[in-house]
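In: got a predicted model here, sequence first, then my questions.
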Amino acid sequence: MQRPTPTTTERSFAENEIIVSKTDLKGRLLYVNDVFCHVGLYDEADVLGQQHSIVRHPDMPRSVFHLLWQRIQSGREIFAYVKNMAKNGDYYWVLAHVTPSHDLQGNIDGYHSNRRLPGRTALNAIAPLYRQILAEEERHADRKQGMHAGVALLEKILDDRGLSYDEFVLGLASQS
């Protein structure tokens, strides 16, 4: 499926709606709910079996996803603000809660994500931070080096504020 060209049009969804998806260990979509399809302008058949990154917006720093994957692959949950892209190139922001799913033996067998509508106060803090991190990533010709530089920048910013990643994200969520 060809990636759309990003637009400047923001999509939204109701505060009481939750975008839900479930993936396998490699991030391939196994389940999406109606809200996922409605907000992203996808039919279920468009996305099942596809990488979850099908909704990744190019404004999102790769380092945020690196942190996310590191966390969930270690068996822990994570909350993250994410800018996604709909099938037509429009964008929408979410506050994602991503958790590992387990089989009957307790082994991680996939990932589950619930996404809520984030508050404007949080987005006003996150958007410029993500632009700063993305700019750092793009300064490097090697994408992997750029991602690691983005992670280092995020860690420095949080360290300067005396906050862990979780404290920062959940602190923003409580302001919204």
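Out: Ah, there it is.

In: check what pLDDT the residue of the chain positioned farthest from its centre gets.
Out: Most distant residue from the mean C-alpha position of the chain: residue 105, 28.2 Å away (C-alpha atoms, centre = their mean). Listed pLDDT for residue 105 reads 97.

In: quick check on it: phi, psi?
Out: Torsion angles at residue 105 (phi, psi; degrees, to the nearest 10) stand at phi -90, psi 0.

In: again, but for the one 10 residues further on
Out: Backbone torsions for residue 115, taken as degrees, to the nearest 10, come to phi -120, psi 130.

In: near it, how many other residues are there?
Out: Residue 115: 25 surrounding residues under other C-beta atoms under 10 Å. In short, each C-beta sits where N, CA and C put it, glycine included.

In: check which residues of the lengthiest strand in the chain are buried.
Out: Counting by DSSP state E, the longest strand found in the chain is strand 91-102. Within strand 91-102, the residues scored as buried using 16 or more other C-beta atoms under 10 Å are 91, 92, 93, 94, 95, 96, 97, 98, 99, 100, 101.

In: closest to residue 49 among those?
Out: Nearest to residue 49 out of the buried residues of strand 91-102 is residue 101 (C-beta to C-beta; 17.2 Å).

In: the closest one and residue 75, how far apart?
Out: 11 Å (C-beta to C-beta, to the nearest Å).

In: what's the answer for residue 25, then?
Out: Taking C-beta to C-beta, one finds residue 25 at 12 Å from residue 75.

In: next, show the common contact partners of these two.
Out: Residues within reach of residue 25 and of residue 75 at once, by C-beta atoms under 8 Å, 6 or more residues apart in numbering, are residue 108.

In: please state the offset of the longest strand of the chain from the chain centre?
Out: 6 Å (C-alpha atoms, centre = their mean, to the nearest Å).

In: OK, contacts around residue 140?
Out: So residue 140 contacts 146, 149 (C-beta under 8 Å, 6+ apart).

In: my bad, should have said residue 103
Out: residue 109.

In: measure it to residue 69 for me?
Out: Separation of residue 103 from residue 69 (C-beta to C-beta) stands at 19 Å.

In: that'll do, ta.
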